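**Student:** 3D, please:
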Amino acid sequence: MTPPACVRVVVIDDHEIVRHGLRQVFDDSLHEVVAEASTLADGLKLCRQHKPDVVLLDVRLESVAPGRAGGSFEVISQFRQLSPQTRVVVFSGYDHPSYIARAVAAGAHDYLLKGESTATIIDAVEGAACDRQPPRATSLRRVVGMMANRGPLDDDDSPLTSRESQVLRQIALGHSNKEIAETLAISVETVKEHVQNLLRKLAVNDRTQAAVWAIRQGIA
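**Tutor:** This next block holds a predicted model:
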């Protein structure tokens, strides 16, 4: 399937300079930014109004529901419901496997870093518009492979303690050991100990696999 001659894009990012830069990128191409928003609530309204081919969505926006965690990830499916033909490309400054895993689980088509070249951004948007799978070399494809793996990550019998489950949820949210320590009011060394224990109990090799397991189980 070939992309439309003019891909219609909605940009949702809370930084004006990012929105301006993306508009310039697409002004210099055959494609068009039909609308832009700085909040998720406004972005959803624009998606309903314009029915774009692609939504470029910042990963760290606040939730549309005050007091709820989750930010951009929790509304990816809402974009698809409002406009089934629309594909969501997460546009992030964070090269974090946990974020990528959450984007995949939420139904994002691709995960693009803000430091990518103009050509890469255009190619990703065109690929999303024609529902072309992202290149297998990207971080997204690696995490998709983990999400599809039906190995030990599906083990529901891993006996995590309450604290280990709390740490696991923080890992799946993309938080560092220092951030986890601050959130749970424990030391960084204690966090490290909990991380090693939960990796062993889940029979996984690293934090990315642990995050994927947590997302599968609905922990994050």
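**Student:** looking at this structure, which helix or strand is least sure?
**Tutor:** Lowest on mean pLDDT, DSSP states H and E among the helices and strands of the chain sits helix 139-148, with a mean of 64.
**Student:** which one is Lys51 nearest to, not counting chain neighbours?
**Tutor:** Closest residue to Lys51 apart from its sequence neighbours, by CB to CB, 6 or more residues apart in numbering: Ser83 at 4.5 Å. For glycine as for every other residue, the C-beta is placed from the backbone atoms N, C-alpha and C.
**Student:** and the longest helix seen in the chain, what does it pack onto?
**Tutor:** For the chain, the longest helix by residue count, based on DSSP state H, is helix 188-202. Here helix 188-202 touches helix 162-172, helix 177-184, helix 207-216, going by 3 or more CB pairs under 8 Å, 6 or more residues apart in numbering; DSSP states H and E.
**Student:** ranges for the helices of this protein?
**Tutor:** Using DSSP H, helices in the chain cover 16-27, 40-50, 76-82, 97-106, 118-129, 139-148, 162-172, 177-184, 188-202, 207-216.
**Student:** Could you figure out how far the first one is turned away from helix 118-129?
**Tutor:** Same thing as helix 16-27. Calculated by axes from the mean of the first three to the mean of the last three CA atoms, to 10 degrees, helix 16-27 forms an angle of 80 degrees with helix 118-129.
**Student:** Who are the packing partners of helix 16-27?
**Tutor:** strand 8-12, strand 32-37, helix 118-129.
**Student:** Just the buried positions in it, please.
**Tutor:** Neighbour-count burial for helix 16-27, counted by 16 or more other CB atoms under 10 Å, picks out 18-19, 22, 25-26.
**Student:** next one: the longest one
**Tutor:** In terms of neighbour count (16+ other CB under 10 Å), helix 188-202 has its buried residues at 191, 194-195, 198-199, 201-202.
**Student:** quick one on the thing from earlier: most packed of the helices and strands packed on helix 188-202?
**Tutor:** Of the helices and strands packed on helix 188-202, the one with the most neighbours on average (mean count of other CB atoms under 10 Å) is helix 207-216, at a mean of 23.
**Student:** wait, isn't Ala35 in contact with His50?
**Tutor:** Yes: look at Ala35 against His50 with CB atoms under 8 Å: they come within range, at 5.5 Å.
**Student:** Quick one: mean pLDDT for stretch 159-179?
**Tutor:** Per-region confidence: stretch 159-179 scores 89 on mean pLDDT.
**Student:** Endpoint to endpoint, that stretch covers what distance?
**Tutor:** 24 Å (CA to CA, to the nearest Å).
**Student:** and if you look at stretch 30-40?
**Tutor:** Stretch 30-40 end-to-end distance (CA to CA) = 26 Å.
**Student:** Residues touching that stretch, excluding its own?
**Tutor:** Residues outside stretch 30-40 that contact it (CB atoms under 8 Å, 6 or more residues apart in numbering) are 5-14, 16, 19, 22-23, 26-27, 43, 45-46, 49-50, 52, 61-64, 71-72, 75, 122, 125-126.
**Student:** please redo it, this time with the cut-off set to 7 Å
**Tutor:** 5-14, 19, 22-23, 26, 43, 46, 50, 52, 61, 64, 72, 75, 125 (CB atoms under 7 Å, 6 or more residues apart in numbering).
**Student:** Looking at it now, give me its mean pLDDT.
**Tutor:** Rounded mean pLDDT across stretch 30-40 is 93.
**Student:** for it, which positions count as buried?
**Tutor:** 31, 33-38, 40.
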